[in-house]
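Peer 1: I need the structure of the sequence given here:
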Amino acid sequence: MGKRILIVDDHPINMKLAADVLSLAGYGVSTAANAEQALTVLREVRPDAILMDIAMPGMDGLALTRLLRTDIRLAGVPIIALTASAMKGDDTKAIEAGCDGYITKPIDTRTLPEQVAAYIAGNRGKPSR
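Peer 2: Numbers count the residues shown, from 1 in each chain. All right, here's what the predicted structure looks like:
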């Protein structure tokens, strides 16, 4: 099995699409529909990267990211914000919360695996050529 990805997204269709695309690319995928489920998964699994929906009910993705950044066990794990709103300043909010970068929705299924691989390699979402 390849690298392990945790996808945190409260929209089942978005989560399934990302999970299917990454699974087909050889990634092991875990999913969580909210912050509480993500924390439960993270007790069992240390992913190589986390795709984090920003707008979720309850604890949103930015608050969860801030919390995860206090967990020494997850140090070095890239957290990539997934956001449907690409409003000016959203990228700054994501970075300030501790995200390593962000991918806008709808995701581009052709480039998502390469983007994730680049974050894991430390290239901040820019595929190496």
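Peer 1: any idea which element residue 103 lies in?
Peer 2: Per DSSP states H and E: residue 103 is located in strand 101-104.
Peer 1: Go through that strand and flag the buried ones.
Peer 2: For strand 101-104, a neighbour-count test (16 or more other CB atoms under 10 Å) marks 101, 102, 103 as buried. In short, each C-beta sits where N, CA and C put it, glycine included.
Peer 1: what's it in contact with?
Peer 2: 51, 54, 78, 80-84, 86, 90-91, 94-95, 112, 115, 119, 124-125 (CB atoms under 8 Å, 6 or more residues apart in numbering).
Peer 1: that older thread, now tabulate the buried residues of strand 101-104 in TSV and tack on pLDDT.
Peer 2: Shown next, in TSV, are the buried residues of strand 101-104 (pLDDT from 0 to 100):
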residue	pLDDT
101	92
102	89
103	91
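Peer 1: which among the residues you listed gets closest to residue 25?
Peer 2: Among the buried residues of strand 101-104, residue 103 lies closest to residue 25 (CB to CB), at 14.6 Å.
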